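Engineer: can't give you the sequence, but here's the structure:
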């Protein structure tokens with residue numbers, strides 16, 4: 001009697017769409033590199049930071065092999081080298097970067113586990129960061145830029161592109177994760193959240209990061225998010241879930257979260273002895289090692305024992321050859337660490353509108369004023385409007401900047417004219433505002449995010465810092481030019497939350513240019529230069545000057561642009577040099593009436609024109625610095641130090657500063673007027689110095 005046909009177990013039939021021999025090779029290569037570092041390079045102190053990917057490797061590689069669209073991008077974290085290998089990164093670059101050698105990811109400037117890869121042949125790896133969770137919002141920004149390229153710029157090259165972010169279970173407690181999740185779901189972005197859940201954030205169990213230790217279960221009712229979850233050590237299940245997740249994001253153009261449970265087979269880093277894990281638990285983790293499971297899955301269905309052995313040997317040989325090439329590299333010339341803080345003429349490999357065909361129109365620093373005097377609000381709005389008209393890559397966003405036009409009315413009417421895609425409101429998350437701007441800038445747009453008040457920038461501090469250092473820490477491989485608009489300073493009253501200036505904090509972030517215009521004409525010129533430039537710019541809009549009568553000027557023309565680092569002497573004299581900026585400029589001018597003084601408006605603080613200040617001080621032999629920010633460690637201290645260092649022998653009096661006391665801005669107007677440098681106090685300080 002005929003026997004019934006036995007149905008094949010499809011679960012155990014390797015998916016023919018997956019290049020399994022390549023997966024096997026890359027997993028073996030990743031293991032060979034981890035083993036080499038752990039047994040040789042770290043003990044020999046040739047690698048100082050080592051984060052093993054054992055246990056995480058197979059899932060990452062299966063995912064990376066699916067990122068085949070040139071407009072795809074991914075951003076990982078310190079345990080993401082397997083993903084980089086699957087994208088095609090040079091193995092000698094990976095090892096050489098870990099050794100801090102010349103070349104590689106950063107020319108020895110950054111730790112080797114913080115990757116970046118401007119991939120000419122496929123998906124790029126966006127610059128990773130050392131901070132946990134910092135990778136999420138820039139990736140969401142790339143996803144938003146994909147949709148902008150598709151829907152606004154009508155570029156078919158982005159029709160199937162997606163953005164993929166990698167994170168561990170610990171990172172789901174971070175500000176960045178929730179900001180990106182909100183952005184991706186409310187805007188329906190083609191973004192994949194790939195969460196590797198190994199049960200621990202260093203020594204802290206995942207139950208401390210999210211209730212119940214399962215972010216996928218907790219997000220089950222999150223609107224607009226498709227969720228997959230499974231065993232990241234099972235080759236068949238992992239391949240199936242990765243395929244489903246990636247294909248859904250590509251086809252549906254909507255966000256997906258894929259959580260895979262994986263074992264962390266080594267400590268958090270090489271130095272971590274895992275004393276917080278029991279021997280039984282460690283043994284259970286090794287029992288889940290995906291590499292033996294992969295081998296059993298592929299032999300004999302895809303590979304023979306001999307072929308598997310050949311793959312392992314080839315991986316070992318290539319790892320050893322890469323080590324030899326990496327160790328043959330020199331250390332970078334120490335003097336080169338000063339290069340690539342800002343754009344120096346050599347274009348970054350990836351990021352910024354200049355890499356996407358933008359050519360700035362001709363400009364002039366000579367104003368051609370026409371029409372009636374306008375306030376700074378109108379001047380900024382008119383400049384933004386013109387640049388939106390002539391450059392389709394300019395995108396404005398922030399809290400309340402849409403129909404409301406911003407709390408200071410700077411963007412009033414712009415959404416009505418240019419549409420939601422180009423001028424839009426955001427969720428209340430400064431991390432999300434600045435982080436998405438980073439990703440959009442990397443994708444070739446010119447984002448213009450607004451932080452509603454200076455104090456509110458603090459939740460975005462990490463993204464601001466990471467954006468500024470990007471060009472330097474990738475040695476000009478990536479840059480994210482943008483214009484970050486930040487209103488601040490006192491208005492009719494003050495308070496600790498809306499009236500701070502603290503410009504010096506931005507100056508102390510390498511890679512950011514800082515503009516502090518005092519009037520409408522300068523605001524136009526500096527903003528236009530910023531919007532057409534190739535560096536991130538902090539554009540500080542003083543609230544008191546936005547509608548100040550003194551700050552009104554005639555519009556200087558659509559081609560007017562001012563260089564950064566060029567101060568302006570607004571009043572000339574011989575007895576004293578007064579250095580100031582922002583809201584203090586008109587007060588210093590008024591205080592100087594009847595006196596012979598140079599009043600210098602710096603206009604930009606990074607860079608600032610020290611030469612103009614020194615030339616004036618050497619002539620007047622006295623220097624007074626006036627600013628609204630606090631005295632201790634304010635930017636005036638930097639100016640005073642430079643004058644003391646370089647013009648000490650020319651001085652006839654000590655360098656003096658007049659500033660706010662070291663207190664927040666008081667709310668009551670009487671208290672505020674007492675705290676902020678007044679015309680009377682400035683005049684008295686001028687007289688004191690001249691009479692010295």
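Structural biologist: Here it is on my side, so go on. What you are looking at is a predicted structure, and each value in this text was computed from that prediction instead of being measured.
Engineer: Please make it C-alpha for all contacts and neighbour counts, starting now.
Structural biologist: Fine.
Engineer: Which residue ranges of the stretch 351-500 of the chain form strands?
Structural biologist: With DSSP state E, counting those that start in this stretch as the definition, the stretch 351-500 of the chain shows strands at residue ranges 370-374, 394-398, 423-425, 446-450, 483-488.
Engineer: Please apply the same query to the stretch 1-150 of the chain.
Structural biologist: So, for the stretch 1-150 of the chain - with DSSP E, counting those that start in this stretch - the strands run 73-75, 124-125.
Engineer: Mind listing residues that contact the longest one?
Structural biologist: Looking back up the chat, that one is strand 73-75. By CA atoms under 8 Å, 6 or more residues apart in numbering, the residues outside strand 73-75 that reach it are 67, 123-128, 135-136, 139, 142, 162-166.
Engineer: go with 7 Å
Structural biologist: Under the contact criterion CA atoms under 7 Å, 6 or more residues apart in numbering, strand 73-75 has outside partners 123-128, 135, 139, 162-166.
Engineer: follow-up on the earlier one: would you mind finding the most buried of the strands of the stretch 351-500 of the chain?
Structural biologist: Most buried of these by mean neighbour count (mean count of other CA atoms under 10 Å) is strand 446-450; its value is a mean of 28.
Engineer: What is that one packed up against?
Structural biologist: strand 394-398, helix 430-442, strand 483-488 (3 or more CA pairs under 7 Å, 6 or more residues apart in numbering; DSSP states H and E).
Engineer: Out of those, the one nearest residue 194 is which?
Structural biologist: helix 430-442 (17.4 Å; CA to CA).
Engineer: Give me the mean pLDDT for that closest one.
Structural biologist: Helix 430-442 shows a mean pLDDT of 97.
Engineer: Identify the farthest-apart pair in the contacts of strand 73-75.
Structural biologist: Comparing the members of the contacts of strand 73-75, the greatest separation, given CA to CA, is between 128 and 162, at 17.5 Å.
Engineer: Between these two, which is the more surrounded one?
Structural biologist: A count of neighbours by other CA atoms under 10 Å puts residue 162 above the other of residue 128 and residue 162, at 33 against 25.
Engineer: Quickly note the distance from the more buried one to residue 72.
Structural biologist: 5 Å (CA to CA, to the nearest Å).
Engineer: okay, now residue 692: neighbour count?
Structural biologist: By other CA under 10 Å, the residues close to residue 692 number 10.
Engineer: ugh, typo on my part, it should be residue 276
Structural biologist: Neighbourhood size, residue 276 [other CA under 10 Å]: 11.
Engineer: Please report the distance of it from residue 204.
Structural biologist: Applying CA to CA to residue 276 and residue 204 gives a distance of 9 Å.
Engineer: isn't residue 97 right up against residue 112?
Structural biologist: Yes. Residue 97 lies in contact with residue 112 (CA atoms under 7 Å); the separation is 4.5 Å.
Engineer: quick one: pLDDT of the residue nearest the centre of the chain?
Structural biologist: Nearest residue to the geometric centre of the chain (CA atoms, centre = their mean): residue 467, 3.2 Å. Looking at residue 467, its pLDDT reads 97.
Engineer: how close does it get to residue 191?
Structural biologist: Taken as CA to CA, the span from residue 467 to residue 191 is 21 Å.
Engineer: shaky segments in the stretch 51-200 of the chain?
Structural biologist: Flagging of the stretch 51-200 of the chain using pLDDT under 70 yields an empty set of residue ranges.
Engineer: where along it do the helices fall?
Structural biologist: 57-64, 81-87, 91-98, 136-151, 175-186 (DSSP state H, counting those that start in this stretch).
Engineer: Using TSV, lay out those helices together with mean neighbour count and distance to residue 420.
Structural biologist: Shown next, in TSV, are these (neighbours: other CA atoms under 10 Å; distance: least, CA to CA, whole Å):
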stretch	mean neighbour count	distance to residue 420
helix 57-64	26	33
helix 81-87	25	35
helix 91-98	25	42
helix 136-151	28	11
helix 175-186	22	14
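Engineer: wait, which of these is closest to residue 38?
Structural biologist: Relative to residue 38, the nearest member of the helices of the stretch 51-200 of the chain by CA to CA is helix 91-98, separated by 12.2 Å.
Engineer: if we look at the closest one, which residues are touching it?
Structural biologist: 47, 104-106, 108, 111-113, 322-323, 325-327.
Engineer: Just among those, which is most surrounded?
Structural biologist: For the contacts of helix 91-98, the largest number of neighbours (other CA under 10 Å) sits with residue 105, at 30 neighbours.
Engineer: how far away is that residue from residue 476?
Structural biologist: 10 Å.
Engineer: again, but for residue 148
Structural biologist: 25 Å.
Engineer: Check what pLDDT the nearest residue to residue 200 once chain neighbours are set aside gets.
Structural biologist: Nearest residue to residue 200 in three dimensions, chain neighbours excluded: residue 206, at 5.2 Å (CA to CA, 6 or more residues apart in numbering). Looking at residue 206, its pLDDT reads 88.
Engineer: Number of residues surrounding residue 206?
Structural biologist: Applying other CA under 10 Å, we find 24 residues neighbouring residue 206.
Engineer: So residue 47 sits against residue 38, correct?
Structural biologist: No. The pair residue 47 and residue 38 does not pass the contact test of CA under 7 Å, sitting 9.2 Å apart.
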